[in-house]
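Q: Give me coordinates for this.
(2 chains)
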There are 2 protein chains.
Amino acid sequence: MALRALGIADRVVGVDRDAEVLARAVALGAIDEGSLEFASIAAADCIVFATPAGILPEVMERAASFVRPDAAVTDTGSVKQRIVQAGERLFGARFVGGHPMAGSEASGVDAARADLFEGAPWVLTTAQTSGSAGAFAAARIGSLVVAVGARPVYLTPGVHDHLAGLVSHLPHVLSFAFARTVAADPGGAIAMDLAGGSYRDLMRVSHSSPELWSQILIENRDLLLPIIASFETSLHSLHSALEATDTGALRSLLTGTEKGSLN
Amino acid sequence: MALRALGIADRVVGVDRDAEVLARAVALGAIDEGSLEFASIAAADCIVFATPAGILPEVMERAASFVRPDAAVTDTGSVKQRIVQAGERLFGARFVGGHPMAGSEASGVDAARADLFEGAPWVLTTAQTSGSAGAFAAARIGSLVVAVGARPVYLTPGVHDHLAGLVSHLPHVLSFAFARTVAADPGGAIAMDLAGGSYRDLMRVSHSSPELWSQILIENRDLLLPIIASFETSLHSLHSALEATDTGALRSLLTGTEKGSLN
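A: Have a look, this model is predicted:
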């Protein structure tokens, strides 16, 4: 939608398994043409794979034979290590992994907005290989990201997955766990009556798709588990200080949490 | 500020221990007159105690002898049981506990806004005693709350403290623990580069005053501890399902978190 609204692409072709979604995407102005067949990407000089993270390697595998040998290829998966491995295996240096850190708890084509990426960080994975084909693809995908208003952030797939675990996956886990806590509480049904900003902020992303998010969490399992454990330790310290009615310890646990501070 | 902006009160007198804060409040239009002496409230027909929750009973005690015998009295403390006990002991049925569920991570007079309470829930505690003095005070404080644009929610002090623990204190605890987790992480210093909505939402209230919040958490300790424990159980279930790479269990833990649902 952003590519068409901004006149960046001559033609945008959308491939999906659902004809109704494609019709809706055409109606919303997100694509010029919809197709149920991978063969329809054969003319594309730039390809963006944007399925849920868990099935991305399989989808790229099935589409690979239709991809033009000089096309630049990227994806939008939330977890990068396995996807970048698959992408580089299939497309060599012409593959650049991507992850736009935008969006909301909504999903599906009806949540599309041409201005969704404005000002948002968009991670691009740094190439494992180089050479002119890779440099061309990296430049091409980089300018696409800049053109839709996003800010490219270059990271290795492993660093991306760790940081995404910290700043996105952990907050989602906490929001889901908070929603369960409220649902299980005898006062949960009337909690909304008192909801202020802190409640709404924390609850928002728990409305994200369970299907999509269970895939993302599983996909990033190995890096995410120690991050969740680290949070549990932080929470337990607060819990213990409160249990001990230790105001000094509690106050110091609420202080010194400035970005990058280690105290 | 809202009372003056909306022309609700003939005269607003602010009492504080800090002359600079009072001068600033006059300059900002929040009060007509500032005073360092409790004696200055002697003419008031409506009194709002608005110190941090931990010292409210002591402040009310010290001010009590200056309160007009027919004045309606309320407070804005975030935890109600002990404050309402003190208020009813000092002022009888003319005391109605209050808690505006508005505001932000900012504090102090410079964070004041005349429209802060518009549409916000404002808890008023239901009287333990009744009679005409109590009915008059309850009606008076209720109309003050409505006049500044808030929505009164009537609860017993105990139910308030439980619900506030769930919808406000727990989210603050989680935000503080999240900020500590990020600060302790080797990638914490560059986490902001990737920050999307879920990070900003969760991090926001961790910038709240540690002084104020350590008092609130300690004040509501007995009701808050089991709520934190309940959250820890929810989080641990997610942690375990992820550790076991049990996609089905994980997906079902991310589902069925609708408000009031117990599954």
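Q: And for the residue nearest to residue A:236 when sequence neighbours are not counted, the neighbour number?
A: Counting by C-beta to C-beta, 6 or more residues apart in numbering or on different chains, the nearest residue to residue A:236 once its immediate chain neighbours are dropped is residue B:232, at 7.6 Å. Glycine gets a C-beta too; all of them are placed from N, C-alpha and C. For residue B:232, the count of nearby residues is 17 (other C-beta atoms under 10 Å in any protein chain shown).
Q: Where does residue B:232 sit, in terms of helix or strand?
A: Element membership of residue B:232 [criterion: DSSP states H and E] is helix B:221-243.
Q: who's in contact with that helix?
A: A:173-174, A:176-178, A:180-181, A:184-185, A:217-218, A:221, A:224-225, A:228-229, A:231-232, A:235-236, A:238-239, A:242-243, A:245, B:158, B:161-162, B:165-166, B:169-170, B:173-174, B:217, B:249-250, B:253-254 (C-beta atoms under 8 Å, 6 or more residues apart in numbering or on different chains).
Q: show me the contacts for residue A:82.
A: A:57, A:219.
Q: now do residue A:52
A: Contacts for residue A:52 were tallied using C-beta under 8 Å, 6+ apart; they are A:77, A:211-212, A:215-216.
Q: rerun that using 10 Å as the cut-off
A: Contact partners of residue A:52, counting by C-beta atoms under 10 Å, 6 or more residues apart in numbering or on different chains, are A:59, A:76-78, A:107, A:209, A:211-216, A:219.
Q: Of those residues, which is the nearest to residue B:21?
A: Taking C-beta to C-beta as the measure, residue B:21 sits nearest to residue A:213 out of the contacts of residue A:52, at 45.8 Å.
Q: Quick check, the residue in the stretch 1-150 of chain A closest to chain B?
A: In the stretch 1-150 of chain A, the residue that lies nearest chain B is residue A:101 (4.1 Å; C-beta to the nearest C-beta).
Q: That residue reaches residue A:171, doesn't it?
A: No. Assessed by C-beta atoms under 10 Å, residue A:101 is found out of contact with residue A:171, at 11.8 Å.
Q: what's the overlap in contacts for those two?
A: By C-beta under 10 Å, 6+ apart, the residues touching both residue A:101 and residue A:171 are B:195-199.
Q: What is the helix or strand hosting residue A:253 packed up against?
A: Using DSSP H and E, residue A:253 sits within helix A:247-254. Contacts defined by 3 or more C-beta pairs under 10 Å, 6 or more residues apart in numbering or on different chains; DSSP states H and E place helix A:247-254 against helix A:221-243, helix B:170-184, helix B:210-219.
Q: Now that helix: buried residues?
A: Using 16 or more other C-beta atoms under 10 Å in any protein chain shown as the test for burial, helix A:247-254 gives A:247, A:249-251, A:253-254.
Q: and what of stretch A:57-71?
A: Neighbour-count burial for stretch A:57-71 flags A:57, A:59-60, A:63, A:66-67, A:71 (criterion: 16+ other C-beta under 10 Å).
Q: just stretch A:118-131 next, same as before
A: For stretch A:118-131, by 16+ other C-beta under 10 Å, it's A:120-127.
Q: The residue nearest the centre of chain A in helix, strand or coil?
A: With distances taken as C-alpha atoms, centre = their mean, the residue of chain A nearest its centroid is residue A:78 (3.5 Å). Following DSSP: H, G, I helix; E, B strand; the rest coil, we place residue A:78 in the coil state.
Q: That one reaches residue A:161, doesn't it?
A: Yes. Counting by C-beta under 10 Å, residue A:78 does reach residue A:161; the two are 9.1 Å apart.
Q: joint contacts of these two?
A: A:99, A:123, A:169, A:219-220.
Q: any idea which element the nearest residue to residue A:9 once chain neighbours are set aside lies in?
A: The shortest distance from residue A:9 to any non-neighbouring residue, by C-beta to C-beta, 6+ apart, is to residue A:3 (4.2 Å). If you go by DSSP H and E, residue A:3 is part of helix A:2-5.
Q: pLDDT on that helix, on average?
A: Mean per-residue pLDDT for helix A:2-5: 92.
Q: That one: which residues count as buried?
A: Under 16+ other C-beta under 10 Å, the buried positions of helix A:2-5 are A:2-3.
Q: And stretch A:188-207, by the same measure?
A: Result for stretch A:188-207 [16+ other C-beta under 10 Å]: buried residues A:188, A:190-191, A:194-199, A:201-206.
Q: which SS class is residue A:73?
A: Secondary structure of residue A:73, per three-state DSSP, is strand.
Q: got any ranges where chain A has weak pLDDT?
A: A:127-130, A:256-263 (pLDDT under 70).
Q: hmm, try it at 80
A: Low-confidence segments of chain A (pLDDT under 80): A:103-106, A:127-135, A:192-193, A:195-196, A:256-263.
Q: In a strand, residue A:99, correct?
A: Yes. Assessed with three-state DSSP, residue A:99 lies in a strand.
Q: Find the residue closest to it in space, skipping its chain neighbours.
A: residue A:123 (4.3 Å).
Q: Go ahead and confirm the one you found touches residue A:141.
A: No. Residue A:123 lies out of contact with residue A:141 (C-beta under 10 Å); the separation is 11.4 Å.
Q: Please enumerate the shared neighbours of those two.
A: In contact with both residue A:123 and residue A:141: A:97-98, A:152, using C-beta under 10 Å, 6+ apart.
Q: For these, give me JSON lines that also has distance to residue A:20 and neighbour count.
A: Below are these laid out as JSON lines (distance: C-beta to C-beta, whole Å; neighbours: other C-beta atoms under 10 Å in any protein chain shown):
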{"residue": "A:97", "distance to residue A:20": "30", "neighbour count": "30"}
{"residue": "A:98", "distance to residue A:20": "27", "neighbour count": "28"}
{"residue": "A:152", "distance to residue A:20": "34", "neighbour count": "16"}
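Q: circling back to that earlier point, quick one: which of the shared contacts of residue A:78 and residue A:161 is nearest residue A:48?
A: Nearest to residue A:48 among the shared contacts of residue A:78 and residue A:161, with distances taken as C-beta to C-beta, is residue A:99, at 11.8 Å.
Q: now the closest one: how far from residue A:215?
A: Note on residue A:99: its distance to residue A:215, by C-beta to C-beta, to the nearest Å, is 14 Å.
Q: For these two, indicate the residue with more neighbours.
A: The residue with more neighbours, out of residue A:99 and residue A:215, is residue A:99; 27 against 23, by other C-beta under 10 Å.
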